[in-house]
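Student: Predicted structure and sequence below. I'll ask about it afterward.
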Amino acid sequence: MAASCESLLPLVLLLCLSAQAVDRSNFKTCEQSAFCKRQRELTAGRSPYRALLDTLELSDSRLTLQLINDNNKVRLLLELYRLQGNMTRVKINELKPLKPRYEVPDVLISDPITEKLSVVSQDENSLVLSLGGKDQRLIISAQPFRLDIVEGPQVLMSLNSRGLLAFEHLRARKDTSISHKISSTVGSMWDSFKSMFSSKSESEQETEQENVEQQTDEDGQIKEEEDKPGMWEETFKSHADSKPNGPSSISLDFSLPGVEHVYGIPEHADTLKLKNTDGSDPYRLYNLDVFQYELHNPMALYGAVPVLISHSTDRTMGIFWLNAAETWVDISSNTAGKTMFGKILDFVQVSSEAPQTDVRWISESGIIDVFIMLGPKPADVFTQYASLTGTQSFPPLSALAYHQCRWNYNDQEDVKTVDQGFDEHDIPYDFIWLDIEHADGKRYFTWDPSKFPQPKEMLQGLMDKRRKLVAIVDPHIRVDSGYKIHNEIRSKNFYVKNKDGGDYEGWCWPGNAGYPDFTNPEMRAWWASQFAYDQYEGSMENQYIWNDMNEPSVFNGPEVTMHKDALHGVWEHRDVHNLYGLYVQKATADGLIQRSEGVQRPFVLTRAFFAGSQRYGAVWTGDNAAEWGHLKISIPMCLSLGLVGISFCGADVGGFFKHPSAELLVRWYQAGAYQPFFRAHAHIDTPRREPWLFGPDNTALIREAIRQRYALLPYWYQLFYNANRTGQPVMRPLWVEYPDDVTTFSTEDEYLIGKDLLVHPVTDEGATGVTAYLPGKDEVWYDVHTFQKHDGDQSLYIPVTMSSIPVFQRGGSIICRKDRVRRSSSCMENDPYTLYVALSSQGSAEGELYIDDFHTFSFEEAKQFVHRRLSFSANTLSSRNLAPDSQFSTASWIERIVIFGGSQPSSATLKNADGTESALEFEFDSTLAVLTLRKPGVNAAADWTIVLR
């Protein structure tokens, strides 16, 4: 939620932006970001870095050797790891930094498991290592330094092949008398912090100090570069960045021979396939509160996941750049012959005209820590990344249903009226949301005493209907001596500090605000404790949480965020910036788990995110607008997030800013019903837009879209269970399932839900038809509404009306639905299932059914769930147990089975697990070749077989 001009205090009024579009002048370009400009001024060519092969040290799990920059004689330490699961890790740091450089904690779920590295061959200018099976080799060339990963005769990836490795070493400032004071102050702060938290002995710490002094003794050999503007201080608009540590940026280039399509590095309002950035700004990763963002440009938005996926018909790979500082990513097209030279030519012969994509990462601080995920299949890359950063959290079922939100529902009576409106218009929903106006003076963890005097009464009213509420809790805390939360944070010294050591303060919704230091685990633990029912007065178990503004947003800060020289302990904000939002969501999710003593799964929505945020809840695409372009862009934005682990994504249905036409609103509901997170939301200055306010015809269309979502909840839930288990995305680009079909590589107006549903939303105003591409040369697809059968590998024109939502089920799949839609998902928990069996051209199909209690961790901790394989082959449909060691009973049963693409049987016989048999009633539509079996009546958790004769 961006700033509203009407609701801000006078000082912040100056910050209000045009309601027409983002004010680009508030946000930096690469040219205005000093380190990006410096790095981009370097041109591709011969690298000054040389590998000192005589410094090589090799253990079972790690190789280290030194690199030297022949221009300035600064030495770096290269570490190489071969990781389990076909991955390689490359780390580069200063050999003897003036002070420690930041290394990102808490993102990896554990230390990655290493596998043995072995030397295959070595000469005076190269080293060849084995990476295991399939003739994978890692070649280190010494002068100039470069790394190549090859498999047989194929180069998979090259590092520093264009010579753009650049590592700005920490140094003392030489042109001012106060530099020594700054350096010594920073150094003493670090020493104090290190002694508090280090487990090392005094002798070990003394040895480290000697190493630093040795670096100082050798400084005579180092030829410092001339200082450039922005190295030691930088100004943007009226904001100064003091940069006490000086220049510290890093850069490394990667070449991908044979690759023309790369994806990922969200969040950007841009195409699914990343564009060439030659002649324009690089893609920027820097979490920012961007008011009504523009489409189709590489500007930074609310979240940053530094993961890039490459795909070709030969292979899928990934690059995970583990750095939380401001980062820019350049993408350029090349030909492989231009970067192939030296030792690599002994291994491969590459066509000089083979296409190649070059990627360059540039970060402001920290170290180079990169994970190369070598696939080779899309599913392998998802598994590899999940093994590093974890999988999507498994949400309670209700979180996958429909959410009704606006800024703001006025008071308890308004909430009650909206809740009743859904019942009166027979529209299901699960969550109603409260934005910032619900709190007492925007003091989070409180309720406005005049508007929400009895929050428990309100929550109980919702609970009686088996519905829930989300309240916003933002991470900016009103500076107010009468506010308990502020007083406790200040007394515990948990606020972020400014560069001078005082509490950092900035302007946000409450006016003057402090910002808790969520990088501090003690602060996170305290924050989590505030969600306990005896701390958060008025809260109940059916209340969940929304973390907004957690980039963090600072209305009067540089680029509407925190000053980079603010301090989190000894680290500058510049080092940790993109982590802040992840930490806020983590602490909040931990609090919701703890308040239930570890029983209930949490639901937390966040706007800012980083690699690993998938472990803590959902994200949305931020402050979009009621425009057709924003509806369209929601598809590639969520697809990009799914590719990098964050499956629980959605966009504000209807658009946050402006007022949608009835047609746009209906089309957005139809699209949103088939995206993972399904929430309508609107700005405080927009007219009300509950689903029944646009006339009875549009109400009926919206009702039908929402009902389709509820009917498919079993399928969504099963997909999220699988995402939680395996890391596979829920909403996927077509190429993920059809990796050899180049037609799919740039497709972004349609997508797959799992592998079995293809959705092509209508996203054009006044559309009378859409053209959907149905992939798969030997496959068939069925229109889920008409059951009409279509061959794969074709572009199909589909006439559409306002009621049309083009959705197709893949032949060969079985999808479970609940067609008895009730007022909320909780009311449907024990309802019966209908199985939709779509036969392949070979007459077979398979699918899954997953059931648990829909809201606790018992599925994980007590193996209380049902997971079944449904298979149709040789005219026999069966259900078998995929988890024989699990224990769970369900009241749900199989009400109906619909088989499309089959033939008319003479009989249908149900065989139960106890050997009993019974004849089933059925009917066959010969026009559509649809067979319907009525009331098998078997329990959804039972073994059974149906034989058609």
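Tutor: That came in fine, so what should we check first?

Student: Where does the closest residue to residue 783 other than its chain neighbours sit: helix, strand or coil?
Tutor: The shortest distance from residue 783 to any non-neighbouring residue, by C-beta to C-beta, 6 or more residues apart in numbering, is to residue 808 (5.9 Å). In short, each C-beta sits where N, CA and C put it, glycine included. With DSSP: H, G, I helix; E, B strand; the rest coil as the basis, residue 808 sits in strand.

Student: Kindly provide the distance from the residue lying closest to residue 727 once chain neighbours are set aside to residue 318.
Tutor: Nearest non-adjacent residue to residue 727, counting by C-beta to C-beta, 6+ apart: residue 386, 2.7 Å away. As judged by C-beta to C-beta, to the nearest Å, residue 386 and residue 318 stand 11 Å apart.

Student: Which of those two has more residues huddled nearby?
Tutor: Comparing residue 386 with residue 318 by other C-beta atoms under 10 Å, the one with more neighbours is residue 318, at 27 against 21.

Student: Let me see the ranges of the helices in the stretch 201-350 of the chain.
Tutor: 202-217 (DSSP state H, counting those that start in this stretch).

Student: separation between the one residue sitting closest to the centre of the chain and residue 361?
Tutor: For the chain, the residue nearest the mean C-alpha position is residue 646 (3.2 Å; C-alpha atoms, centre = their mean). Distance from residue 646 to residue 361, counting by C-beta to C-beta: 20 Å.

Student: Same check on residue 936?
Tutor: Taking C-beta to C-beta, one finds residue 936 at 56 Å from residue 361.

Student: Of those two, which one has the most company?
Tutor: More neighbours surround residue 361 than the other of residue 936 and residue 361, with 25 against 22 (other C-beta under 10 Å).

Student: Just to check, the more buried one is in contact with residue 251?
Tutor: Yes - shown here, residue 361 and residue 251 form a contact pair, counting by C-beta atoms under 8 Å, at 6.6 Å.

Student: beta partners of the residue nearest to residue 783?
Tutor: Residue 808 has these beta-bridge partners by DSSP bridges: residue 758, residue 783.

Student: do residue 330 as well
Tutor: With DSSP bridges as the rule, residue 330 is bridged to residue 360.

Student: quick one: contacts for it?
Tutor: 40, 277-278, 282-283, 358-360, 362 (C-beta atoms under 8 Å, 6 or more residues apart in numbering).

Student: In a strand, residue 526, correct?
Tutor: No - using three-state DSSP, the assignment for residue 526 is helix, not a strand.

Student: Mind pulling up the pLDDT for it?
Tutor: As predicted, residue 526 sits at a pLDDT of 99.

Student: what about it, neighbour count?
Tutor: There are 18 residues near residue 526, going by other C-beta under 10 Å.

Student: Residue 111 too?
Tutor: Per other C-beta under 10 Å, the neighbour tally for residue 111 reads 6.

Student: next one: phi and psi at it?
Tutor: Dihedral pair for residue 111: phi -70, psi 120, per degrees, to the nearest 10.

Student: check contacts around residue 656.
Tutor: 1, 622-626, 681-683.

Student: where in this protein is pLDDT low?
Tutor: The model of the chain has pLDDT under 70 over residues 2-20, 175-224, 342-343, 349-350.

Student: Domain ranges for it, per the record?
Tutor: 33-171+238-292+303-377, 397-737, 829-948 (the TED database).

Student: Let me have those in a markdown table, adding distance to residue 778 as columns.
Tutor: Shown next, in a markdown table, are these (distance: least, C-beta to C-beta, whole Å):
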| stretch | distance to residue 778 |
| --- | --- |
| domain 33-171+238-292+303-377 | 18 |
| domain 397-737 | 14 |
| domain 829-948 | 6 |
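
Student: Please work out which of the ones you listed is packed deepest.
Tutor: Highest mean neighbour count of the domains of the chain: domain 397-737, a mean of 21 (counted as mean count of other C-beta atoms under 10 Å).

Student: Next, the distance between the ends of that domain.
Tutor: End-to-end distance for domain 397-737, by C-alpha to C-alpha, to the nearest Å: 26 Å.

Student: Ok, stretch 846-861 next?
Tutor: Per C-alpha to C-alpha, stretch 846-861 runs 28 Å from first to last residue.

Student: Now do that stretch: distance to the chain's middle.
Tutor: 23 Å (C-alpha atoms, centre = their mean, to the nearest Å).

Student: list the contacts for residue 135?
Tutor: Listed by C-beta under 8 Å, 6+ apart, the contact partners of residue 135 are 150-152.

Student: likewise residue 614?
Tutor: 389-393, 645-648.

Student: quick one, phi psi at residue 628?
Tutor: Note on residue 628: backbone dihedrals following degrees, to the nearest 10 are phi -60, psi -40.

Student: Any figure for the gap between the residue nearest to residue 515 when sequence neighbours are not counted and residue 506?
Tutor: Nearest non-adjacent residue to residue 515, counting by C-beta to C-beta, 6+ apart: residue 496, 4.6 Å away. Separation of residue 496 from residue 506 (C-beta to C-beta): 10 Å.

Student: list the residues that contact both of those two?
Tutor: With C-beta under 8 Å, 6+ apart, residue 496 and residue 506 have common neighbours 515, 562.

Student: List the contacts of stretch 705-712.
Tutor: Against stretch 705-712 from outside (C-beta under 8 Å, 6+ apart): 401-402, 427-429, 666, 669-670, 672-674, 678, 691, 805, 815, 817-819, 821-822, 825, 828.

Student: Keep only those of those that are in helices.
Tutor: 666, 669-670, 672 (DSSP state H).

Student: mind listing what the nearest residue to residue 271 once chain neighbours are set aside touches?
Tutor: Counting by C-beta to C-beta, 6+ apart, residue 636 is the residue found nearest to residue 271 once chain neighbours are left out, at 5.7 Å. Applying C-beta under 8 Å, 6+ apart to residue 636 gives the contacts 270-272, 748.

Student: Would you enumerate the residues in contact with residue 117?
Tutor: Under the criterion of C-beta under 8 Å, 6+ apart, the neighbours of residue 117 are 58, 60-63, 80-82, 129-131.

Student: Try it again at 7 Å.
Tutor: Counting by C-beta atoms under 7 Å, 6 or more residues apart in numbering, residue 117 touches 58, 63, 80, 82, 129.

Student: and which of these is nearest residue 139?
Tutor: Using C-beta to C-beta, residue 129 comes nearest to residue 139 of the contacts of residue 117, at 7.8 Å.

Student: Over to the closest one. Which of the three states is it?
Tutor: strand.

Student: list the contacts for it?
Tutor: Going by C-beta under 7 Å, 6+ apart, residue 129 touches 63, 117-120, 137-138.

Student: before we move on, what about residue 266?
Tutor: Per C-beta under 7 Å, 6+ apart, neighbours of residue 266: 303, 305, 637, 640-641, 644.

Student: so what's the backbone phi/psi at the closest residue to the residue nearest to the centre of the chain other than its chain neighbours?
Tutor: Spatial nearest neighbour of residue 646, chain neighbours left out: residue 614 (4.6 Å); criterion: C-beta to C-beta, 6+ apart. When quoted as degrees, to the nearest 10, the phi and psi of residue 614 stand at phi -60, psi -20.

Student: Against residue 69, how distant is residue 614?
Tutor: To residue 69, residue 614 is 38 Å away according to C-beta to C-beta.

Student: could you pull out the strands for the stretch 751-900 of the chain?
Tutor: For the stretch 751-900 of the chain, the strands defined by DSSP state E, counting those that start in this stretch cover 751-753, 757-759, 769-774, 780-783, 789-791, 794-799, 807-810, 813-817, 833-838, 845-851, 866-873, 876-881, 894-900.

Student: Let's have those in TSV, adding distance to residue 397.
Tutor: Below are the strands of the stretch 751-900 of the chain laid out as TSV (distance: least, C-beta to C-beta, whole Å):
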stretch	distance to residue 397
strand 751-753	16
strand 757-759	18
strand 769-774	29
strand 780-783	26
strand 789-791	32
strand 794-799	31
strand 807-810	21
strand 813-817	13
strand 833-838	14
strand 845-851	10
strand 866-873	14
strand 876-881	21
strand 894-900	19
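
Student: so which of the ones you listed gets nearest residue 74?
Tutor: When those are ranked by proximity to residue 74 (C-beta to C-beta), strand 751-753 comes first, at 47.3 Å.
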